[in-house]
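*Asks:* here is my input, please return the structure:
(chains A and B)
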Amino acid sequence: MTDIFDVPELEVRRRRWRRTNLIVGAVLVGLVVVTAVVSLFWTPFDPEQVNVADRFLGVGEGGHLLGTDQFGRDIASQLMVGARNTLFVGVLAVSIAIAVGIPLGGVAAVRRGWVEEAVMRFSDLMFAFPAVLLAILLVAALGPSTSSAMVAIGLAYVPIVARVTRGASLPVLERDFVRAARGYGRGRTFIFVRHVLPNIASVLIVQATVLFALAILAEAALSFLGIGTQPPTPSWGRSLNDAQTFISVAPTLALWPGLAIAVSVLGFNLLGDGLRDALDPRLEVRRT
Amino acid sequence: MNPVLTVEDLCVRAGRTVLVDGVSFRIGRGERVGLIGESGSGKTMTALAVMGLLPEGVEASGRVLFGDSELLSLPEAELCTVRGNGISMVFQEPMTALNPLMRVGNQIAEALTVHHGIPRSEAWVRATEALARVGIPDPERRARAFPHELSGGQRQRVMIAMAIACGPDLVIADEPTTALDVTVQAQVLALLDDLVGSGETALWLITHDLPVVAGMCRRVLVMHDGRLVEEGETSQVFSSPKDGYTASLVASVPALSRTADPPPPKPLPASGDPLVVVSDVTRTFPLPRRHLTESRPRVTAVDGVSFQVASGESFGIVGESGSGKSTLARMIVGLDHPDSGRIEVAGIPVAGRRDRELTGLRRIAQMVFQDPMGSLDPRMKVGDVVAEPLRALRVDGDHRARVRELLEAVALPADAADRYAHEFSGGQRQRIAIARALAPRPRLLVADEPVSALDMTIQTQVLELLAELKERFELTMVFISHDLSVVYEVCDRVAVMKDGRVVEVGPVADVYARPSHPYTAGLVGAIPRLDGTLPRAG
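*Replies:* Residues are numbered from 1 along each chain as shown, chains lettered A, B, ... in the order given. Reported below is the predicted structural model:
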């Protein structure tokens, strides 16, 4: 029977709103990317230049756009370089999670039976294992660095991606077009890659952007523990944690990195929402 | 006569889109009026506008008078006293219309406590009385049941019990039997007939099914594209429709649903060699364990079924939901496998083979599914959808030319290949699915409820197309349906299934005219007919 909510006029209104999401998200994420790229060539000051005489300068004082921190380093420059770190963190962690998680979840959904049991119990095990402990173990093995912390975070997210992939795939695998594909002789791998993945891409994209945001936060936490980004490389997370000590002396110190994290996390979330809809051919604006 | 409901110039709009366009009609006290139309005609929107239940962003204008109160301008709080009390509604899908976490007795009692301020203990008693009135056995115990513990027919009875509990002046029933099996439909219609027929309550029956209206309502309204195109005495409208659209609706009613007279015999085609051999096939499915120590119980979907389909024949399999007909269809094309028994298609053993061993079968046997949206990958363009079997089976030749040829064969526009499935209507989507199935030039087409999801007029077109393609490509067809009338139109022979067994096989006209099994007789007897003979539940 007809879907009573399938009204074109409403659809257009909804779509316009989603468009806004996409644009705002893309602008925010674009801002982070551009900042990171610019920081490769130019920053207002040397971000690692310590100048004790100029510590805790306010906004605009002494030519420092956002002031200086407890060592007299330029905050704006630090944030710019930190954007690089943030992107690196997100891309690495999410890539690892997706590269391992999607095939695992896909195999579980397609094969069912003992394969599924094995994969799902393995991911339960990974879930039960604290991510921070995993990170400490990896850092002990590989030495403290941003990348070893991020490999740990990425691996910790593998079971999340695997579960989402499996969960989203199961109903798609029950649809008749999958049955039809088997009916004209397509194998399981082909069906998963060509029929299932495009249909669950929206779920995975949203999940990836959420994980991207989470990875940024996780990096901050690990840096605080001393097993993430190592000084003097600037990191938004570490700046935020450093600022905690001086919260009564210079409250704005915590504001800037906090704002930077919030903006990029929001940006990725909005971008994810917008992309999900933009990639759906069912919502494509019909050419009249 | 004082009308209970007067609708004047009702318009329903969603933004600039007009869904209902200037509809006016009256329903008298105790009168029964049918509203027919196909999906998208605006019939449900009209009902929702009357109930004040339109979805967000959809607005109604005009006048809706219930007694003396103007419903469209009534504030929500006062509308609440009308809904359920003065006007009540029975929905199509009783599973989603009932709260799954509430005992059915409580759901009926709720309406009574809300509207009549009856104390809960008394409301509960009244609820069990209502359940007894709608013919639910052991009402005291069943009142404590949750919706999922009842069958589909019983759930619809509960919906009706809720609808009549407060003694409303008008019951709106929106496709109340569409989701039900034909024998259950007959029971529910008879129940509605009894309960509404005797009293002051008016019934407004909304359905796409003309014979149902013929049996239930004296007066009928016909809607098309948001407008009321015809109105009048049911028998008059159906025997000599004035509007062209009504005429096409009436023409699309299959022969078997017209009169209760036994159907005319059909000539049987000269039978060829058997193409499909099914012998003693049984398929069971595991159920979840109830206790950890128990071995998993199994439910039998198909139970020792045997039959043969001759080359060039159209073989029908009819049965109600859960009779195992879809499982059987899937096993014939090797998408599912029996626990025991033998299936051969053109001499190729199918049962128990792995997918990669069945490439030979895939070239010979293809399937068309029920839901034309679900069977087409929404992320693929139609051209790719149709070309997929050619690529998968490595069929030689120019695939693009073949796709063009197939789209032309199913009467789709040439530019269809570059569009997505969702841009097409239900009937067109089913044409795409048929084109895909025909792509590898199969000899056998297994169609599982191919027209059940389609409107009546579209249904006729798709059936005609199937018949034409069967001739043109010399196909053998296995046609699965719950609808006896459709099977009669399409098939030469038919097998009737019940609880996983085939209870009767034979030429369609013989089986329907002289059923040898009481179940078949019950099925045939339960079909609503256009001449107004309402079937009585046996």
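*Asks:* can the helix or strand encompassing residue A:114 be found next to chain B?
*Replies:* Assigned by DSSP states H and E, residue A:114 falls within helix A:113-128. No - with CB under 8 Å from any CB of the partner chain as the criterion, chain B is not reached by helix A:113-128; the gap is at least 12.2 Å. Every residue, glycine included, has its C-beta placed from N, CA and C.
*Asks:* which residues are in contact with that helix?
*Replies:* Outside of helix A:113-128, the residues that reach it under the criterion CB atoms under 8 Å, 6 or more residues apart in numbering or on different chains are A:104, A:105, A:107, A:108, A:109, A:155, A:156, A:158, A:159, A:162, A:163, A:166.
*Asks:* so for that helix, what gets flagged as buried?
*Replies:* Across helix A:113-128, burial judged by 16 or more other CB atoms under 10 Å in any protein chain shown covers A:116, A:119, A:120, A:123, A:126.
*Asks:* quick one: secondary structure of residue A:25?
*Replies:* helix (DSSP: H, G, I helix; E, B strand; the rest coil).
*Asks:* next one: it from residue A:272, what distance?
*Replies:* Here the distance between residue A:25 and residue A:272 works out to 7 Å (CB to CB, to the nearest Å).
*Asks:* tell me which of these two has more neighbours.
*Replies:* Relative neighbour count places residue A:272 above the other of residue A:25 and residue A:272, with 24 against 21, counting by other CB atoms under 10 Å in any protein chain shown.
*Asks:* neighbours around the closest residue in space to residue B:327 that isn't next to it in sequence, how many?
*Replies:* Of all residues not flanking residue B:327 in the chain, residue B:301 sits nearest, at 4.5 Å (CB to CB, 6 or more residues apart in numbering or on different chains). A count of nearby residues for residue B:301, using other CB under 10 Å, gives 22.
*Asks:* repeat that for residue B:391.
*Replies:* Residue B:391 has 15 neighbours, counted by other CB under 10 Å.
*Asks:* hang on, residue B:203 packs against residue B:33?
*Replies:* Yes - in this structure residue B:203 lies within contact range of residue B:33 using CB atoms under 8 Å: 7.3 Å.
*Asks:* which residues do these two both contact?
*Replies:* residue B:217.
*Asks:* spatially central residue for chain B, please.
*Replies:* Nearest residue to the geometric centre of chain B (CA atoms, centre = their mean): residue B:178, 5.0 Å.
*Asks:* how close does it get to chain A?
*Replies:* 7 Å (CB to the nearest CB, to the nearest Å).
*Asks:* OK, contacts around that residue?
*Replies:* By CB under 8 Å, 6+ apart, the contact set of residue B:178 is A:1, B:92, B:207, B:208, B:209.
*Asks:* so which of the residues you listed is surrounded by the most neighbours?
*Replies:* Neighbour counts for those, by other CB under 10 Å, peak at residue B:207, which reaches 22 neighbours.
*Asks:* which phi and psi does that residue have?
*Replies:* phi -160, psi 160 (degrees, to the nearest 10).
*Asks:* how about residue B:491?
*Replies:* phi -100, psi 160.
*Asks:* tell me the confidence at it?
*Replies:* What the model reports as pLDDT for residue B:491 is 91.
*Asks:* just give the number of residues close to it.
*Replies:* Applying the criterion other CB under 10 Å, we find 23 residues in the vicinity of residue B:491.
*Asks:* look up how far residue B:435 lies from it.
*Replies:* Distance of residue B:491 to residue B:435, given as CB to CB: 22 Å.
*Asks:* do the same with residue B:520
*Replies:* Computed with CB to CB, the distance linking residue B:520 and residue B:435 is 34 Å.
*Asks:* alright, calling it a day.
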